[in-house]
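1. no letters, just coordinates:
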């Protein structure tokens with residue numbers, strides 16, 4: 001089981017951006033129903049967990065994307081959408097990385113501090129609102 005998971009990850013990783021999810025979908029069609037159901041269950045868990053982590057500190061968006069990737073193994077339409085979205089998102093991420101590296105260390109620390117305070121404040125106010 002874990003060998004097949006590692007093999008699938010390597011195949012996914014080695015596929016070119018813009019084709020990964022469709023190729024993943026094609027590979028998943030040949031898997032057993034139990035494996036496909038397990039991927040759907042894990043994908044649902046990751047998407048739900050990622051949504052929760054969007055509202056508290058944590059890598060919510062990244063976890064949700066992994067869950068969507070597992071869903072893409074079952075739905076060709078979602079695989080195509082993710083394939084179209086990946087290249088522009090990669091370009092944007094590279095631009096942000098270059099921008100970040102060009103900033104001074106004090107600026108980076110200040111920006112991280114502001115973001116942490118903003119997220120903590122939003123979480124606190126959301127918690128207060130939730131409690132009523």
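-> Thanks, I have it. All values derive from a computational prediction rather than experimental measurement.
2. got the end-to-end distance for stretch 66-80?
-> Between the opening and closing residues of stretch 66-80 lies a distance of 15 Å (Cα to Cα, to the nearest Å).
3. now that stretch: buried residues?
-> Along stretch 66-80, the positions that meet the burial threshold by neighbour count (16 or more other Cβ atoms under 10 Å) are 67-74, 78-79. Where C-beta positions appear, they are placed from N, C-alpha and C, glycine not excepted.
4. can you put those in CSV and add pLDDT and distance to residue 43?
-> Below are the buried residues of stretch 66-80 laid out as CSV (pLDDT from 0 to 100; distance: Cβ to Cβ, whole Å):
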residue, pLDDT, distance to residue 43
67, 90, 4
68, 90, 7
69, 88, 8
70, 87, 3
71, 88, 5
72, 90, 9
73, 87, 8
74, 89, 8
78, 92, 10
79, 92, 12
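5. of the residues you listed, which belong to helices?
-> Residues of the buried residues of stretch 66-80 located in helices (DSSP state H): 67-72, 78-79.
6. how about those residues in JSON lines, adding distance to residue 106?
-> Written out in JSON lines, the entries for these read as follows (distance: Cβ to Cβ, whole Å):
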{"residue": "67", "distance to residue 106": "37"}
{"residue": "68", "distance to residue 106": "37"}
{"residue": "69", "distance to residue 106": "37"}
{"residue": "70", "distance to residue 106": "41"}
{"residue": "71", "distance to residue 106": "42"}
{"residue": "72", "distance to residue 106": "41"}
{"residue": "78", "distance to residue 106": "42"}
{"residue": "79", "distance to residue 106": "43"}
